[in-house]
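Enquirer: Sequence first, predicted model second:
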2 protein chains.
Amino acid sequence: MTDSPAPARDAVPTTADPLDRFVAVIPAGGVGTRLWPLSRAAAPKFLHDLTGSGSTLIRATYDRLTPLARGRFLVVTGEAHRAAVCRQIPELDAADLVLESEPKDSGAAIGLAAAILHRRNPDAIMGSFAADQVISPDSVFQSAVLEAIRTAASGPRGKIVTIGIEPTHPSTGFGYIRRGEALEVEGAPSARAVVEFVEKPSREVAEDYLATGEYLWNAGMFVAPVALMLEHLKANQPELFAGLTEIAEAWDTPARDEVAARVWPTLPKIAIDYAVAEPAAAAGDVAVVPGAFRWDDVGDFAAIGRLNSAREVDSVTVLGEGARVFTEDASGIVVSDTKRVIALIGIQDVVIVDTPDALLVTTTEHAQKVKNAVAGLKASGDTDVL
Amino acid sequence: MTDSPAPARDAVPTTADPLDRFVAVIPAGGVGTRLWPLSRAAAPKFLHDLTGSGSTLIRATYDRLTPLARGRFLVVTGEAHRAAVCRQIPELDAADLVLESEPKDSGAAIGLAAAILHRRNPDAIMGSFAADQVISPDSVFQSAVLEAIRTAASGPRGKIVTIGIEPTHPSTGFGYIRRGEALEVEGAPSARAVVEFVEKPSREVAEDYLATGEYLWNAGMFVAPVALMLEHLKANQPELFAGLTEIAEAWDTPARDEVAARVWPTLPKIAIDYAVAEPAAAAGDVAVVPGAFRWDDVGDFAAIGRLNSAREVDSVTVLGEGARVFTEDASGIVVSDTKRVIALIGIQDVVIVDTPDALLVTTTEHAQKVKNAVAGLKASGDTDVL
């Protein structure tokens, strides 16, 4: 690690078991515009229980990672969500939270996590898992992460390891990962090299991908030595790297607030995919472990209908404790944040989201267009409900 | 009038102009179940502005009749609506209100109005017009009522005169009036005898009715000498007649409350059609004046869509001052009693009624089934929103 980009202070000795180097990073950002008006700036998607499990998505993410991380977490979220996140995960210490004063895309958020972890332990392996995804069963996910950790620790410099989802249909809504030859990693029999990341394809291209069996969905999950992450970040985004390094050096000192307030707003906005993953793949430093678990990014209300089957009123899926739903010849989804009576009569595949100050009515087919409503409301100045 | 069923006190002298004998009766009952949750027990249909005119239906009814009634009104409504009705029509005196302690169908409501008016003036001609219908233009309506008043005053005993609506389509939702030979009434050239009233027909029968040109819609409007009304009521419903007579005799005395409280609850429930109109038609005492005005009983939310075109957001008709409606590729009707943001995306012919404690989502096609929702909510005990 002589080429590690920033010298370590208070370094923890590296052990033989790569699991001991593992820290789970949970980026909890993103308003979830397509789930408006349930998800909104003040109460984003990850703070909701969208599956009827009794847990919010962020709490479920924390619980799912706990057997591997065993208390070593870093949650990256907006300052506005500090209190809500701490209510959801009271186990978090102040040192386990990275609060953004303004959103800066995943390059800065995950890069800062990598830089802070590197200052604390240059041998750390981070695993980044978004706070707003639904995964089951946990055990299959944990097996995949364990293989990813072993792969990330393999070889002299390690690997950046993404966990790719086995596609179940030719989705045009996700990017894909093209896998290459098998890697020979002990305890990680399914690890493969990554040939390339590809953007969201057309329907025809997606069908070709599915037919070859060589493509996986890119779910944005990856496990990597922080030193290797930073090495690629430095090579590809030197300005971002320099800023993050400056903040990270001050992070565990009294200078944190002053430095973060000065530097963070100046950082470029770029996705971690472009800042690190794609150039690293081109350099041969990326591996993939397939995930055979059920995965859903809960991208729209149609997903909520799929994920919830516990409470059905006739053919209507009902999410929400207080809702009193009456149906006649109706099907679809009702998400209620109120205690109102909701009567559905003679209407099919409807999506109704009922909150105290905003009501959405659409269909499962059009659920993806909800973000247009949010854009329209922003344009018309109705920002009080966004 | 020697056979008039109850002796008159304080009789007003009859004049040559039948218009001077005219009193407008406005039955304001009926929850308007098919307009739930906008219309409900505490705020029935007639207390709403359903046309965007700026007037509630009952106020518009009063204003429409004022040129003919010139202050002589009797409004029959439930005790629960006294304050709301007086707010809508501050011109009403206490003597102009008949308050029902419990609903008793139109036979008792209109029969009591007839009996009270008969006590005040046995030569009175009543004109009964429901408080929850939409009519335009007023002048055409007033011309028809004037012909009806002249017809009601014609001949030795007068006539019970219904105003029938010229049908515009083969409706299966209304009863029909079959007209007979022309009557020779001065100043009422379109008056015809009524052969019979017929119940709501099947589609095929309704088409036949329309083809003959001899059938009109029964809108429940009629104009008649109160003495003739009571004569038929006495002959066909002697028990109801006796009870109404007892209440009417006490009405303008200190005994009113005691007698009404004792007798009203014992009265049979029967529609005025069965109690008076149909047997009177069989006896040859009923005439009809056709109404060429536009008439709508606002039977469901589809009607509200038809009646309102003032405020359109794209293809969505919006009723309600406070609603902030955002649409994309949507059509239908939004009726809002709240100030919430309502977003409609990719949904056609939808009917949304948004009130503080209840939400209805249906389609214009299924708008007639809303009463089923009300029945269902009643059965499930959700009576707080009915």
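Expert: Arrived safely, thanks for sending.
Enquirer: OK, contacts around A:A206?
Expert: If a contact means Cβ atoms under 8 Å, 6 or more residues apart in numbering or on different chains, then A:A206 has A:170-172, A:176 as its contacts. The way it works is simple: take the backbone N, C-alpha and C, and place the C-beta from them, glycine included.
Enquirer: of those, buried ones?
Expert: Among those, the ones that count as buried by 16 or more other Cβ atoms under 10 Å in any protein chain shown are A:170-171, A:176.
Enquirer: list the helices and strands the lowest-mean-pLDDT helix or strand in chain A packs on?
Expert: Across the helices and strands of chain A, mean pLDDT, DSSP states H and E gives its lowest value to strand A:312-313, namely a mean of 74. With contacts taken as 3 or more Cβ pairs under 8 Å, 6 or more residues apart in numbering or on different chains; DSSP states H and E, strand A:312-313 sits against strand A:324-336.
Enquirer: Say whether chain B is contacted by the strand it packs on.
Expert: Yes: counting by Cβ under 8 Å from any Cβ of the partner chain, chain B has neighbours in strand A:324-336: A:324, A:326, A:328-329.
Enquirer: So A:F129 sits against A:Y62, correct?
Expert: No: if you go by Cβ atoms under 8 Å, A:F129 and A:Y62 don't touch, sitting 9.6 Å apart.
Enquirer: so what's the closest residue to chain B within the stretch 101-250 of chain A up against?
Expert: The nearest approach of the stretch 101-250 of chain A to chain B comes at A:G173, 17.1 Å away (Cβ to the nearest Cβ). Going by Cβ under 8 Å, 6+ apart, A:G173 touches A:200, A:299.
Enquirer: what about it, distance to A:G127?
Expert: Applying Cβ to Cβ, to the nearest Å, the value for A:G173 to A:G127 is 24 Å.
Enquirer: go on, A:T383?
Expert: Taken as Cβ to Cβ, the span from A:T383 to A:G127 is 36 Å.
Enquirer: For chain B, give me its nearest residue in the stretch 1-150 of chain A.
Expert: A:P37 (7.4 Å).
Enquirer: so what sits against both of A:F129 and A:Y62?
Expert: Contacts common to A:F129 and A:Y62, judged by Cβ under 8 Å, 6+ apart, are A:I26.
Enquirer: Tell me the first helix or strand C-terminal of whichever strand or helix holds A:I149.
Expert: Assessed by DSSP states H and E, A:I149 sits inside helix A:138-152. Downstream of helix A:138-152, the next assigned helix or strand under DSSP H and E is strand A:160-165.
Enquirer: mind listing what that next one pairs with, with the direction of each?
Expert: Taking DSSP bridges as the criterion, strand A:160-165 forms sheet pairs with strand A:215-225 (antiparallel), strand A:286-291 (parallel).
Enquirer: now the angle from the shortest one to helix A:138-152?
Expert: By that I understand strand A:286-291. Calculated by axes from the mean of the first three to the mean of the last three Cα atoms, to 10 degrees, strand A:286-291 forms an angle of 160 degrees with helix A:138-152.
Enquirer: Indicate which one of the strands paired with strand A:160-165 is closest to A:P238.
Expert: When the strands paired with strand A:160-165 are compared for distance to A:P238 using Cβ to Cβ, the nearest one is strand A:215-225, at 19.1 Å.
Enquirer: Tell me which residues of that closest one come out buried.
Expert: Buried residues in strand A:215-225 (16+ other Cβ under 10 Å): A:215-225.
Enquirer: The nearest residue to A:G284 once chain neighbours are set aside pairs with what?
Expert: Nearest residue to A:G284, sequence neighbours excluded (Cβ to Cβ, 6 or more residues apart in numbering or on different chains): A:A193, at 7.2 Å. Per DSSP bridges, the residues bridged to A:A193 are A:A287.
Enquirer: hang on, A:A193 packs against A:E184?
Expert: No: A:A193 is beyond contact range of A:E184, at 10.9 Å (criterion: Cβ under 8 Å).
Enquirer: Would you mind listing what in chain A touches chain B?
Expert: Counting by Cβ under 8 Å from any Cβ, the residues of chain A near chain B are A:36-37, A:324, A:326, A:328-329, A:340-347, A:350, A:352, A:354, A:356-363, A:365-366, A:369-370, A:372-373, A:376-377, A:380, A:382, A:385.
Enquirer: Need the nearest residue in space to the residue in the stretch 201-350 of chain A that chain B sits nearest to, chain neighbours excluded.
Expert: Ranked by Cβ to the nearest Cβ, the top residue of the stretch 201-350 of chain A for proximity to chain B is A:G346, at 2.9 Å. Of all residues beyond its chain neighbours, the one nearest A:G346 is B:H366 (2.9 Å), with distances taken as Cβ to Cβ, 6+ apart.
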